[in-house]
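Chemist: Have a look; sequence and predicted model below, questions after that.
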Amino acid sequence: MSRPQQITVLGATGSIGLSTLDVISRHPERYRVFALSGFTRLAELEALCLLYRPRYAVVPDAEAVRHLQGGLQAAGLTTRVLVGEAGLCEVAAHPEVDAVMAAIVGAAGLKPTLAAVEAGKKVLLANKEALVMSGALFMQAVRKSGAVLLPIDSEHNAIFQCLPTDYARGLGAVGVRRILLTASGGPFRETPLAELEQVSPEQACAHPNWSMGRKISVDSASMMNKGLELIEACWLFDAKPAQVEVVIHPQSVIHSLVDYVDGSVLAQLGNPDMRTPISHALAWPERIDSGVAPLDLFSVARLDFLPPDELRFPCLRLARQAAECGGTAPAMLNAANEVAVAAFLGRRIRFPEIASIIDAVLNFEPAVAVESLDVVLAADSRARALAEQWLNRHGR
Ligand code: NDP
Ligand code: MG
């Protein structure tokens, strides 16, 4: 067998990062950890470094560099500790790296993920916000560098598995009528609307089927996650927003479907465990063991499907509007959402106000065409500033 592939895990201390390391641990002959990054959970990062002995680790500031470098040297490790966004970009684009798991949450992952793309790596994309913000530029960079972009988001990974290998010829050309994007509906699918005013961050983060980081858990509760995924699907598969239909499927067993013109509908099923899409993407086009239990259809017993209620989930409508508008609208939607989710987690606003903030920002600032990354970053900053203004006026 050929030498082990060198893997950089951006966001190693998070939910996706840890699941990735779990899969890597099962296949030491295939994968070696090249670099790991953390942000606030630095004790966890140190423990991961001791376990995986990466060539590089990346932390947010000089103080954290000193601390981690000292701890690792004392343990006899030669891991080099790099700092900040420049460090993340360096380990994403390093010539010896074969694949990069992009699992930083939010806009903070954009530049490192793009660095991996521009270096022509195999890029395992969990950081959907990066693609939502900069879709056109991101996909152009993929085509230019020849990077292999593999979706980790379970729905997009499912769609990828249900499409023919030549889907880049265009969905119409390969006979696809629609993409059916499934959603669990999150913890508030049946909560009486009036009670949404009172729900807590803890309730929002208690997802019925998936265990995830706090930001994406809140996004799932508001269904902004599905909105971001709709935009993500449009870029990954060159689909129009109208070709992507959201289907609520509370069991989270079908991870998405592709509807073909001949009436065939292909679906990918599995237990809700991110190690399945991670293993799929890591090994693609081969298959490896992920540690996920086999699907027991008899215990699943039934699969339900419902249309989404846009009154209950206004974020889904806002995301679809941003997708249709194009230009900087998705970047602004994403930035306003990041500020709003942080404010909700910090108990500065009520849950329904997440949508109010995003709506206000999108109404205030017209979208413009995206010609460069600077335009995207300026839209991101502007939307954050507008969302903060809203919070200063209405937040607690
Ligand atoms: P977590 O919050 O669990 O992890 C986020 C990771 O990013 C952590 O390693 C964190 O470091 C790091 N991080 C946070 N902020 C910064 C920053 N400003 N700069 C550098 N690093 C930072 O999130 P998840 O693992 O749940 O999600 C990661 C991404 O994957 C998100 O984009 C999410 O939408 C996507 N995704 C996640 C799924 C899931 O099941 N969890 C499913 C599908 C997509 P630290 O912890 O040390 O602070
Ligand atoms: Mg998903």
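Modeler: Arrived safely. Ligands and ions are numbered 1, 2, ... in the order given.

Chemist: Would you mind listing what in the stretch 101-250 of the chain touches ligand 2?
Modeler: 153, 154, 155 (CB under 5 Å from the ion). Yep, even glycine has a C-beta here, placed from its N, CA and C like the rest.

Chemist: Ramachandran coordinates for the first one?
Modeler: In other words, residue 153. Reported as degrees, to the nearest 10, the phi and psi values for residue 153 are phi -50, psi 130.

Chemist: what's near enough to touch it?
Modeler: Contacts for residue 153 were tallied using CB atoms under 8 Å, 6 or more residues apart in numbering; they are 125, 126, 128, 229, 232, 277.

Chemist: Repeat that for the second one.
Modeler: The contact partners of residue 154, taken as CB under 8 Å, 6+ apart, are 255, 256, 272, 274, 276, 277.

Chemist: Out of the residues you listed, the closest to residue 113 would be?
Modeler: Taking CB to CB as the measure, residue 113 sits nearest to residue 277 out of the contacts of residue 154, at 16.7 Å.

Chemist: Name the secondary structure element that contains the closest one.
Modeler: helix 275-283 (DSSP states H and E).

Chemist: so how far is the next helix or strand after that helix from its chain's centroid?
Modeler: Counting by DSSP H and E, the next helix or strand C-terminal to helix 275-283 is helix 297-300. Taking the mean of its C-alpha atoms, helix 297-300 sits 28 Å from the chain's own mean (CA atoms, centre = their mean, to the nearest Å).

Chemist: How about residues contacting helix 297-300?
Modeler: 251, 253.

Chemist: State the mean pLDDT of it.
Modeler: Helix 297-300 comes out with an average pLDDT of 98.

Chemist: Restricting to C-alpha, output it in CSV.
Modeler: Provided in CSV are the C-alpha atoms of helix 297-300 (Å, rounded to 0.1, in the frame of the first residue of the first chain):
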residue,chain,number,x,y,z
LEU,A,297,-34.5,-0.6,9.5
PHE,A,298,-36.7,-2.6,11.8
SER,A,299,-36.0,-0.4,14.8
VAL,A,300,-36.4,2.7,12.6
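
Chemist: which is the next helix or strand following it?
Modeler: Stepping forward along the backbone from helix 297-300, the first helix or strand reached (DSSP H and E) is helix 314-325.

Chemist: If you count neighbours, what's buried in that next one?
Modeler: 314, 315, 316, 317, 318, 319, 320, 322, 323, 325 (16 or more other CB atoms under 10 Å).

Chemist: Which strands or helices does it pack on?
Modeler: Taking 3 or more CB pairs under 8 Å, 6 or more residues apart in numbering; DSSP states H and E as contact, the helices and strands that helix 314-325 lies on are helix 224-237, helix 329-345, helix 353-364.

Chemist: What does the pLDDT read for residue 1?
Modeler: At residue 1 the predicted local distance difference test score is 56.

Chemist: Begin at 15 from now on, thanks
Modeler: Got it, the first residue is 15 from now on, which makes the last one we talked about residue 15.

Chemist: now whichever residue of the stretch 115-264 of the chain sits closest to ligand 2: how far from ligand 1?
Modeler: In the stretch 115-264 of the chain, the residue found nearest to ligand 2 is residue 167; the distance is 4.2 Å by CB to the ion. Residue 167 sits 4 Å away from ligand 1 when distances are taken as CB to the nearest ligand atom, to the nearest Å.

Chemist: mind checking the SS state of residue 146?
Modeler: Applying DSSP: H, G, I helix; E, B strand; the rest coil to residue 146 yields a three-state assignment of helix.

Chemist: Residue 95 too?
Modeler: The three-state assignment at residue 95 reads strand, by three-state DSSP.

Chemist: would JSON lines of the buried residues of helix 328-339 with distance to ligand 1 be doable?
Modeler: As requested, the buried residues of helix 328-339 are arranged in JSON lines below (distance: CB to the nearest ligand atom, whole Å):
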{"residue": "328", "distance to ligand 1": "20"}
{"residue": "329", "distance to ligand 1": "14"}
{"residue": "330", "distance to ligand 1": "16"}
{"residue": "331", "distance to ligand 1": "20"}
{"residue": "332", "distance to ligand 1": "17"}
{"residue": "333", "distance to ligand 1": "14"}
{"residue": "334", "distance to ligand 1": "18"}
{"residue": "336", "distance to ligand 1": "17"}
{"residue": "337", "distance to ligand 1": "17"}
{"residue": "339", "distance to ligand 1": "22"}
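
Chemist: quick revisit: using TSV, lay out the helices and strands packed on helix 328-339 together with mean pLDDT, mean neighbour count and distance to ligand 1.
Modeler: Listed next are those as TSV, based on pLDDT from 0 to 100; neighbours: other CB atoms under 10 Å; distance: least, CB to the nearest ligand atom, whole Å:
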stretch	mean pLDDT	mean neighbour count	distance to ligand 1
helix 238-251	98	26	7
helix 343-359	98	26	10
helix 367-378	98	20	15
